[in-house]
Each structure stands twice: as C-alpha cells, then as structure tokens.
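# Sequence unavailable; structure follows:
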Ligand code: NAD
C-alpha cells in the first residue's frame, strides 16, 4: 500500500503550529518513487516573523535565566516523548530517506539518549570560581548566545537535529531548525516532542524549505549563532555569509575517511569492519570509511574477504527486517553515485563488485544501487579524493607505515579514520599522528554522545557532543567583585 502524508502539515513557527506560506515541496519515497504528499514550506516572510518570535522568546520567556535543573526537566520530558513516539518517528525517517527501519529504530533510541544526556549535563552545570590574584572574588559565568539557527542534512535527521536542539536549549538559547528538504516531516515530528513537553512558546521553531530559507537565516542580523551539518561547499558558503558578523559557528562537514589494514590484523574482523564502515547506511554517512588502504602483502587475500562480505549485503526494501541497506536517499543521490562510478571507470579504475543498479522488479522504481568497490585507481583521482556519500569504496595497496600515513592525510578532509592491527602501540601512535577528529582502532563507527565529535581540516570547525557540546552554545563572562579591603 502506498504511504501517504497529510498535505496540510503544520509548522511550529514562533509558538504556533501553522501552515507554511512558501512553495509546495513534493515528498518522494526513495524506496518506490511514489509521491507521499507535499509540504507547504516556510515563506521568507515567515522566516522573518519566526526570527522575531524567537528573539522575543529568548528575551522574555525567562528561559535563559531559568535554573538549569528546571530547563533539564523539559528536556527529560521531550526525551520520554521521543521514546513513546518511536514507532512513528522511525517510520517517517525510513519513508523519507530510505534508511532501513531497523536503523531508524536505533536512531530514535539514540536521539532520545542524546536529549537525555544533555538534560543530565544541564542539570549538573556549574559556573566557575577563578583563583584570585588580589583582593577580589572572580567568577566566570556561562551565558547563552540568543537565537541559534540549526541547519541539518538528510542522512540522519533525527540524531543530527537532536544533537543540536538539545544542547542549544540546555544552554539557554532559542533554536530555529532548518531541516533538509528531503527530511522535513520527521524533523517536524521531532520538534513536536519538545513543544509537547511544554517548552515555552517560540523557543523552538522549524523552517522547512530549500537553500533560500537557509540563506535567509544565515544572513539575518538577529541570528546569534549557526550550527551547521552538511556538505563542505555549503559550509563554505555559510562561513562567508556570517564572517562579517563574527557570530559563533559550528561546522560539521564532509569526509573521505581512510580505513587502514595492516598485515598483522585480525583479517576476518577487519574485513567485516571495513565493509560495514563503508556500506552501512548505503555509504551515506559522514564518517563512512570510503578509502581503504591494505598492506600489499595481504592485499589480494584481504580484498577477496571484503568482496565476500560485500556480496552478503542484502539490498532491499527498507521496511523489510532482512534488508541490510535500502535505496539511496533520493534519485539525485543515486545519479551522483553513478556519475562517480563512471568517472572511476574512465580514470582506469576496475570495478570488482557492484557498479550497477540491482536487477529485479522489486528494485525497478526505487533509488537502489549495489555496494561497489573500485580498485586500481591512483590516489589523486577524483573518486579517491572527493566525497561521494554513497556506497562506493576505493581500495589501494600500501607498502609501509610511512607511505600509508602520508596517503591517509593526503585529502582535504579530516573527519575520521580506522586502523586495523594487532600492534596496538603502532596503531595508537599512528592514530595520534593522523589528521582526523575520530580515530577507531580495531573497530569503526563506534559513537558516543559523551565523546566530542567533529572534523579536522575541511571536515569542520568546532565540536559537538560531550560536555563541550553544550558549552559550544554558551559564551563566558568573567565578573570581579571587589571591596574586601577596608
Ligand atoms: P547540504 O550541504 O547540501 O545541505 C545541508 C543543509 O544545508 C540542508 O538543510 C540544506 O537545505 C541547507 N543549505 C543548502 N544551501 C544552503 C545555504 N546557501 N545556506 C544555508 N543553508 C543551506 O548537505 P546534504 O546533501 O543535505 O548532506 C550531505 C552532507 O552532509 C555530506 O557532505 C556529509 O558528509 C555531511 N554530513 C556531515 C556530518 C558531520 O557530522 N560531519 C554528518 C552528516 C552529514
């Protein structure tokens, strides 16, 4: 049965749920190509009124000065609502971006955990008393910025939005979320968990729309901070727009992460890990291990193992619990992947598995693509250097540690990397040396909300998650109290 969405979905704008007055945005299910409905997006006039309402709420609601443990109460309630609504949130995410329902279920649990974590951090927030160097008392207070614009991508809308909304609110700010065009509906329903938790009016709004809406937000004088997750080129555009205003920004951008396998590794575990690192979520993950470096002595044997693991991946209907990956999130994304595979072939690459759409009536109308491995490419080819954000792995042999350490960093990005070896001292030292915000040794894609996350180089600026993930949404003020001497 075709999945249908209400064509009159309301948007939480400045404290009221109302119809968007912008363009109608058609919503397609990437698993079968059907149009699920259309969303009335926010108009530019609504962007303006929403920013005004958020500023009004920030100044007058008392949220910024509410004791942190009371702010935490709202967040705990929102986390509970996310859990209670898990089934519908997971279903919406799967219908909008084609992630398997199994993965979406996991991400709802994760989103609730993120909100709970920041509620707990908020509950135990402290200000600081500084060592005195004279007859005064010096305290450093941490204060919110004002109105934060949170701009998110389509690949993991629930967790990406939760990890911005929760710390920004916990820190005392008002938030305006601009979700991706592809995943607006699930983002609206996530926001409903916060507004239904009784959050004061106007503190959280959602503005669905395209780059015009994002652009209106980033260029507005009454936005006091930008927290962006998305592509590096979009990040660069936003950085240029906000630079003259000196407002704080967080940029979580793209990646082309290396996975390095040494000859002494547990090859079975490494083959499974390397395969999951790139093909999990159909490669549509910022930390996907998309460049594989294998020590030359084991290259052929190891690539046989990786191909065998890849062949086991069941591409299919994301609603089916036996599917490991669903379609690409959109037909445009599949075209992008196909274009890169074409470029890889043209550049002399050898496609050793995949490289095509799966065949069969069940795939005919969806944006499906087979997990693909390309070998024989030179490391400076486009496929090895540019973020594809799809299920394409490029594999290269290496001769020694120095060579692979050089190649691993020979990229504009620096988001993550994987190292597989039984020599933990060597792996640890290599991990210390490489330019990456997250390093995994003998594992991959383990993520904890308690550990800071972010990119080196063109993979981003600033960190989300962890205690500093909340402090990122605050500025400090040092106050000196004198008059102790007579
Ligand atoms: P994108 O950059 O195209 O869009 C991201 C968001 O920015 C969307 O909401 C979009 O509408 C908005 N946007 C586009 N142009 C804008 C503009 N000029 N001003 C303001 N907003 C604008 O990215 P995408 O295709 O949605 O997502 C894929 C990208 O996200 C990949 O590069 C991936 O690596 C990255 N990503 C990074 C992380 C991370 O944590 N580092 C996590 C997930 C995804």
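Great, that's in hand. Only a predicted model underlies this, so the values are computations on that prediction, with no experimental measurement involved. Numbering: from 1, shown residues only.

# Next up, the contacts around the residue lying closest to residue 275 once chain neighbours are set aside.
In this structure, residue 275 finds its nearest non-sequential neighbour in residue 309, 4.0 Å apart by Cβ to Cβ, 6 or more residues apart in numbering. C-beta coordinates here come from the backbone N, C-alpha and C atoms, glycine included. Neighbouring residues of residue 309 by Cβ atoms under 8 Å, 6 or more residues apart in numbering: 271-272, 274-275.

# do the same with residue 341
By Cβ under 8 Å, 6+ apart, residue 341 lies in contact with 351, 355, 372, 374, 392.

# between those, which is nearest residue 17?
Nearest to residue 17 among the contacts of residue 341: residue 392, at 41.0 Å, using Cβ to Cβ.

# What separation do you get for the closest one and the ligand?
As judged by Cβ to the nearest ligand atom, to the nearest Å, residue 392 and the ligand stand 14 Å apart.

# pretty sure that residue is touching residue 384, no?
No - judged on Cβ atoms under 8 Å, residue 392 makes no contact with residue 384 at a distance of 10.4 Å.

# Please identify which of these two sits among more neighbours.
Higher neighbour count among residue 392 and residue 384: residue 392, with 26 against 22, using other Cβ atoms under 10 Å.

# so the more buried one bridges to which residues?
Legend: beta-bridge partners of residue 392 under DSSP bridges are residue 372.

# How is residue 396 assigned, secondary-structure-wise?
Of the three states, residue 396 takes strand according to DSSP: H, G, I helix; E, B strand; the rest coil.

# Now do stretch 5-24: distance to the chain's middle.
Centre-to-centre, stretch 5-24 and its host chain are 25 Å apart (Cα atoms, centre = their mean, to the nearest Å).

# Can you confirm whether that stretch lies near the ligand?
No - using Cβ under 6 Å from any ligand atom as the criterion, no contacts between stretch 5-24 and the ligand are found, and the smallest distance is 13.0 Å.

# what's the average pLDDT for that stretch?
With pLDDT averaged residue by residue, stretch 5-24 scores 95.

# quick one: buried residues of that stretch?
5, 9, 11-15, 20, 22 (16 or more other Cβ atoms under 10 Å).

# quick check, nearest of those to residue 35?
Of all the buried residues of stretch 5-24, residue 35 sits closest to residue 5, with 9.4 Å by Cβ to Cβ.

# Quick check: the closest one touching residue 37?
Yes - taking Cβ under 8 Å as the definition, residue 5 is a contact partner of residue 37 at 3.5 Å.

# Pull up the overlap in contacts between these two.
Common neighbours of residue 5 and residue 37, counting by Cβ under 8 Å, 6+ apart, are residue 27.

# Give me the spatial nearest neighbour of residue 311, chain neighbours excluded.
Ranked by Cβ to Cβ, 6+ apart and with sequence neighbours excluded, the top spatial neighbour of residue 311 is residue 353, at 6.6 Å.

# That neighbour touches residue 308, doesn't it?
No - look at residue 353 against residue 308 with Cβ under 8 Å: they stay out of range, at 9.5 Å.

# of these two, who's got more company?
Counted by other Cβ under 10 Å, residue 353 and residue 308 do not tie: residue 353 has more neighbours, with 18 against 12.

# Any idea what that one is bridged to?
According to DSSP bridges, residue 373 are recorded as the beta-bridge partners of residue 353.

# quick one: contacts for it?
Contact partners of residue 353, counting by Cβ under 8 Å, 6+ apart, are 307, 310-311, 370-373.

# same thing but 6 Å
The neighbourhood of residue 353, defined by Cβ atoms under 6 Å, 6 or more residues apart in numbering, consists of 307, 310, 373.

# just residue 467 next, same as before
When contacts are taken as Cβ under 6 Å, 6+ apart, residue 467 is in contact with no other residue.

# Need the three-state assignment for it.
Assigned state for residue 467: helix (three-state reduction, three-state DSSP).

# List the residue ranges of this protein that fall below the pLDDT cut-off.
Scanning the chain for pLDDT under 70 picks out the ranges 486.

# In it, which residue sits closest to the ligand?
Of all residues in the chain, residue 214 sits closest to the ligand, with a separation of 2.2 Å (Cβ to the nearest ligand atom).

# I'd like to know how far that residue sits from residue 41.
Here the criterion is Cβ to Cβ, to the nearest Å. By it, residue 214 lies 12 Å from residue 41.

# These two: which has the busier surroundings?
With neighbours defined as other Cβ under 10 Å, residue 214 and residue 41 compare such that residue 214 has more, 25 against 21.

# any idea which element the more buried one lies in?
Secondary structure assignment for residue 214, by DSSP states H and E: helix 211-218.

# ok, back up a step: redo the contacts of residue 353 as CSV? Include neighbour count.
Compiled in CSV, these are given as follows (neighbours: other Cβ atoms under 10 Å):
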residue, neighbour count
307, 18
310, 22
373, 24
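
# Can you name the residues of the stretch 101-250 of the chain that neighbour the ligand?
Near the ligand, the residues belonging to the stretch 101-250 of the chain are 151-155, 160, 178-181, 210-211, 214-215, 218, 229-231, 234, 237-238 when assessed by Cβ under 6 Å from any ligand atom.

# Domain map for this structure?
The chain is divided into the following domains under automatic domain parsing: 10-253+459-477, 258-447.

# can I get these in JSON lines with distance to residue 483?
Compiled in JSON lines, those are given as follows (distance: least, Cβ to Cβ, whole Å):
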{"stretch": "domain 10-253+459-477", "distance to residue 483": "8"}
{"stretch": "domain 258-447", "distance to residue 483": "46"}
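
# residues contacting residue 161?
Listed by Cβ under 6 Å, 6+ apart, the contact set of residue 161 reads 152, 177, 187, 190.
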